[in-house]
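Peer 1: dropping a prediction and its sequence here:
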Amino acid sequence: MFSIPGSTPVTITDAAVKQIRKLMERDNRHGLKIGLKKGGCAGMEYTMDYVDAPEANDEVIEKDGARVLIAPTAQMFLFGTEIDYETSLLESGFKFRNPNVTDACGCGESIKFKDIEELQAERGQ
């Protein structure tokens, strides 16, 4: 992943930590893996899956017993993202505050990112 030494490429709020830990314990899983896939009206969608073990190039982020794995193909696009868990009267779920997103659809399910060249330039590559 393209991180600064000593920094965490993705941050996890306390509310998200609590929910991730709860899901890991309930289903006896290694962690929650986050990735991206093509789809939706804006072009890309986040994916979230339980995993039993990390794959070779997954970025692993741990905080207070919660474990998030970032798929290699999503790492550049998720750099700087804050993962939160919000509960309201109508819904609850994980929320991604991602500085690399340039557009999102009205329903909030799909996103569009900065161009790959722009992301690489920001990371000094």
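Peer 2: That came through fine.
Peer 1: C-alpha from now on. contacts and neighbour counts both.
Peer 2: Fine.
Peer 1: which stretch of helix or strand covers the residue nearest the centre of the chain?
Peer 2: The centroid of the chain falls nearest to residue 34 when counting by Cα atoms, centre = their mean (4.9 Å). If you go by DSSP states H and E, residue 34 is part of strand 31-39.
Peer 1: can you list the residues that contact that strand?
Peer 2: 20, 24, 44-53, 66-71, 73-74, 110 (Cα atoms under 8 Å, 6 or more residues apart in numbering).
Peer 1: output the contacting helices and strands for the helix or strand just after it.
Peer 2: Later in the chain than strand 31-39, the nearest helix or strand by DSSP H and E is strand 43-51. Other helices and strands packing on strand 43-51, by 3 or more Cα pairs under 8 Å, 6 or more residues apart in numbering; DSSP states H and E, are strand 31-39, strand 111-113.
Peer 1: which strands or helices does the lengthiest helix in the chain pack on?
Peer 2: Criterion DSSP state H: the longest helix present in the chain is helix 14-27. In terms of contacts (3+ Cα pairs under 8 Å, 6+ apart), helix 14-27 is packed against strand 31-39, strand 66-70, strand 81-87.
Peer 1: next, format those strands as TSV and append mean pLDDT.
Peer 2: Converted to TSV, the helices and strands packed on helix 14-27 look like this (pLDDT from 0 to 100):
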stretch	mean pLDDT
strand 31-39	90
strand 66-70	96
strand 81-87	94
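Peer 1: out of the ones you listed, which is the most enclosed?
Peer 2: Ranked by mean neighbour count, those are led by strand 66-70 with a mean of 24 (mean count of other Cα atoms under 10 Å).
Peer 1: quick one: contacts of that one?
Peer 2: 17-18, 20-21, 24, 30-35, 54, 58-62.
Peer 1: and residue 30, backbone torsions?
Peer 2: Main-chain dihedrals, residue 30, degrees, to the nearest 10: phi -70, psi -40.
Peer 1: quick one: low-confidence parts of the chain?
Peer 2: 1-7, 42, 106-112, 114-125 (pLDDT under 70).
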